[in-house]
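Student: using only what follows, build the 3D model:
(2 chains)
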Amino acid sequence: MRTKHLAAVALLAAATFTVTACGSGDGGDAPAAVSEQTEDKAATVIDQPFEKPDMVLTDTDGKKFDLREQTKGKPTLLYFGYTHCPDVCPLTMSNLAVAKKELEKKLSKAELAELKVIMVSTDPDRDTPEHLGKWMKAQDPSFIGLTGDFPTVQASARTLGITIEAPVKEKDGSITSTHGKQVIAFSPKTDAGYVIYNGEEATADDYAKDLPKIMKGAKP
Amino acid sequence: MTVRGTRRRTALVCAIAAGAALTLAGCSGDGDTKASARQGDGKPQLSVVDGYIPKPALKDMAGGFLTIVNKGGADKLVSMSSPLAEETMGHRTVGQKMQHVKSFDIPANGELDFERGGNHLMFMDLKELPEVGDKVEVELRFEKSAPITAELEVKEATYNPKNS
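Tutor: Below is the predicted model of the structure:
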């Protein structure tokens, strides 16, 4: 069991560190160099959990948000994405929003209020606190959006094995941004990140099924 | 003819990727049609299926998905537009990055897929925020074939045909 978990983590780490972008956006024929490993399973429990990043950013009210301090002892789901993202970021956050609604049937409001769902912007120039706030509110009013200095975001993501690149303005004026692939669940008991979800594969049902356990720091 | 060279190059890239046992989002659809990509002298016969738009959160932008099925020779998708948006374009997802792509190859007797995790349509600056159940028209223009107007249904933001 241990070996399997470690292997999965190694794969995931390898995948996240070797994302290679293709071409320069100059046409449909540019060869695509992709070194993405497919991890079809929705959730992976890791044996050597990640430390919660020491990250101080700005929330959607424009206030300072210290991740470690303000989520200490709370079950926390962390995702790195951006609002001008057409596919995976809104899919991931909507799945989490639907899962949270499911939980409303099982948990009290007070219990549910413990859960912190956070998206950290990987496109902070466009994701101002105000703009990010509108987008997050459309997903779920309780969700937390954080934005700030890109190098800080990038460095924090890296400690979790998530590689993101700074947004690039293309010749045609469009902006190429990067999002993370993973949602990382942090335990309320240890504050460590111990479950990794593949944001593209995990469904609202997957999260809804696991969250009651994650909220207690148990393995899903 | 450039089309021919291009096609060979794409097939080669896919072959390399397949050899390395990788998932190649940018070439999705091409893999199945490597054999038939040698042909392509006939007229393309295109149709559009499975189109949808996950309900966007804001009017900034929306993503869209569809499949172009080709029962004839190769073609290219060269541009698109929609009354929903100021600008509509095709994007390719490579790793975790989105990139604007000017034209997409449609292989002979194959498919061009815009699907979650791979290529997608990008609607920029929406004129209104569409609701679930709305139908959105997109005009797709091709190198050889006549334009096709496809109707994309607005679905829940969580909609993913792979999981439903």
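Student: how close does A:Pro90 get to A:Lys169?
Tutor: 22 Å (CB to CB, to the nearest Å). To be clear about C-beta, it is placed using only N, CA and C from the backbone, and glycine gets the same treatment.
Student: swap in A:Asp127?
Tutor: From A:Asp127 to A:Lys169 the distance is 15 Å (CB to CB).
Student: kindly report the same for B:Lys71.
Tutor: Relative to A:Lys169, and taking CB to CB, B:Lys71 is found at 40 Å.
Student: which one of those two is surrounded by more residues?
Tutor: Comparing B:Lys71 with A:Lys169 by other CB atoms under 10 Å in any protein chain shown, the one with more neighbours is B:Lys71, at 13 against 10.
Student: surely B:Asp105 is within a strand?
Tutor: Yes: the assignment for B:Asp105 (DSSP: H, G, I helix; E, B strand; the rest coil) places it in a strand.
Student: what about it, neighbour count?
Tutor: 25.
Student: residues in contact with residue 122?
Tutor: The chain I'm using is chain A. By CB atoms under 8 Å, 6 or more residues apart in numbering or on different chains, the residues touching A:Thr122 are A:80-82, A:150, A:153-154, A:157, A:164, A:167, A:177-180.
Student: that's the other chain; I wanted chain B
Tutor: A:Pro86, B:Met61, B:Ala62, B:Gly63, B:Gly64, B:Thr88, B:Met89, B:Gly90, B:His91, B:Met98, B:His100.
Student: coming back round to it: quick one: buried ones out of the contacts of A:Thr122?
Tutor: Neighbour-count burial (16 or more other CB atoms under 10 Å in any protein chain shown) is assigned, among the contacts of A:Thr122, to A:80-82, A:150, A:153-154, A:157, A:164, A:167, A:177-180.
Student: quick one: which of those residues sit in helices?
Tutor: A:Phe150, A:Val153, A:Gln154, A:Ala157 (DSSP state H).
Student: with distance to chain B and pLDDT added, can I get the residues you listed in TSV?
Tutor: Formatted as TSV, these follow (distance: CB to the nearest CB, whole Å; pLDDT from 0 to 100):
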residue	distance to chain B	pLDDT
A:Phe150	15	96
A:Val153	14	97
A:Gln154	13	97
A:Ala157	11	97
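Student: and stretch A:137-154, which residues are buried?
Tutor: In stretch A:137-154, counting by 16+ other CB under 10 Å, buried: A:138-140, A:143-148, A:150, A:152-154.
Student: repeat for stretch A:200-212
Tutor: A:Glu200, A:Glu201, A:Ala202, A:Thr203, A:Ala204, A:Asp206, A:Tyr207, A:Ala208, A:Asp210, A:Leu211, A:Pro212.
Student: that one and chain B in contact?
Tutor: Yes: interface with chain B: stretch A:200-212 contributes A:Glu200, A:Thr203, A:Ala204 (CB under 8 Å from any CB of the partner chain).
Student: what's the distance between the second one and B:Gly118?
Tutor: From A:Thr203 across to B:Gly118, the span is 18 Å (CB to CB).
Student: kindly report the same for A:Thr76.
Tutor: From A:Thr76 to B:Gly118 the distance is 30 Å (CB to CB).
Student: so if I had to pick from the two, which one is more boxed in?
Tutor: Between A:Thr76 and B:Gly118, counting by other CB under 10 Å, A:Thr76 is the more crowded of the two (24 against 20).
Student: quick check, that one in contact with A:Lys189.
Tutor: No: contact between A:Thr76 and A:Lys189 fails when scored by CB atoms under 8 Å: they sit 11.9 Å apart.
Student: what does the spatially most central residue of chain B show for phi and psi?
Tutor: Per CA atoms, centre = their mean, the C-alpha nearest to the average position across chain B is that of B:Phe114, at 3.6 Å. The phi/psi pair for B:Phe114 (degrees, to the nearest 10) reads phi -110, psi 100.
Student: list the residues that contact it.
Tutor: B:Phe114 neighbours (CB under 8 Å, 6+ apart): B:Gly64, B:Phe65, B:Leu66, B:Thr67, B:Gly90, B:His120, B:Leu121.
Student: so what's the last one scoring on pLDDT?
Tutor: Just to be clear, that refers to B:Leu121. On pLDDT, B:Leu121 comes in at 96.
Student: distance of it from B:Asp113?
Tutor: 12 Å.
Student: if we can go back for a sec, would you turn the buried ones among the contacts of A:Thr122 into JSON lines with distance to B:Lys55?
Tutor: Formatted as JSON lines, the buried ones among the contacts of A:Thr122 follow (distance: CB to CB, whole Å):
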{"residue": "A:Phe80", "distance to B:Lys55": "23"}
{"residue": "A:Gly81", "distance to B:Lys55": "17"}
{"residue": "A:Tyr82", "distance to B:Lys55": "18"}
{"residue": "A:Phe150", "distance to B:Lys55": "29"}
{"residue": "A:Val153", "distance to B:Lys55": "27"}
{"residue": "A:Gln154", "distance to B:Lys55": "30"}
{"residue": "A:Ala157", "distance to B:Lys55": "28"}
{"residue": "A:Ile164", "distance to B:Lys55": "26"}
{"residue": "A:Pro167", "distance to B:Lys55": "25"}
{"residue": "A:Ser177", "distance to B:Lys55": "21"}
{"residue": "A:Thr178", "distance to B:Lys55": "24"}
{"residue": "A:His179", "distance to B:Lys55": "19"}
{"residue": "A:Gly180", "distance to B:Lys55": "23"}
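Student: A:Val120: how many residues sit nearby?
Tutor: 29.
Student: let me see the contact set for the most centrally placed residue in chain A.
Tutor: Residue closest to the mean C-alpha point of chain A, counted by CA atoms, centre = their mean, is A:Tyr79 at 1.2 Å. Shown in contact with A:Tyr79 (CB under 8 Å, 6+ apart): A:89, A:92-93, A:96, A:117-120, A:180, A:182-184, A:199.
Student: recalculate using a threshold of 7 Å.
Tutor: The neighbourhood of A:Tyr79, defined by CB atoms under 7 Å, 6 or more residues apart in numbering or on different chains, consists of A:Thr92, A:Met119, A:Gly180, A:Val183, A:Gly199.
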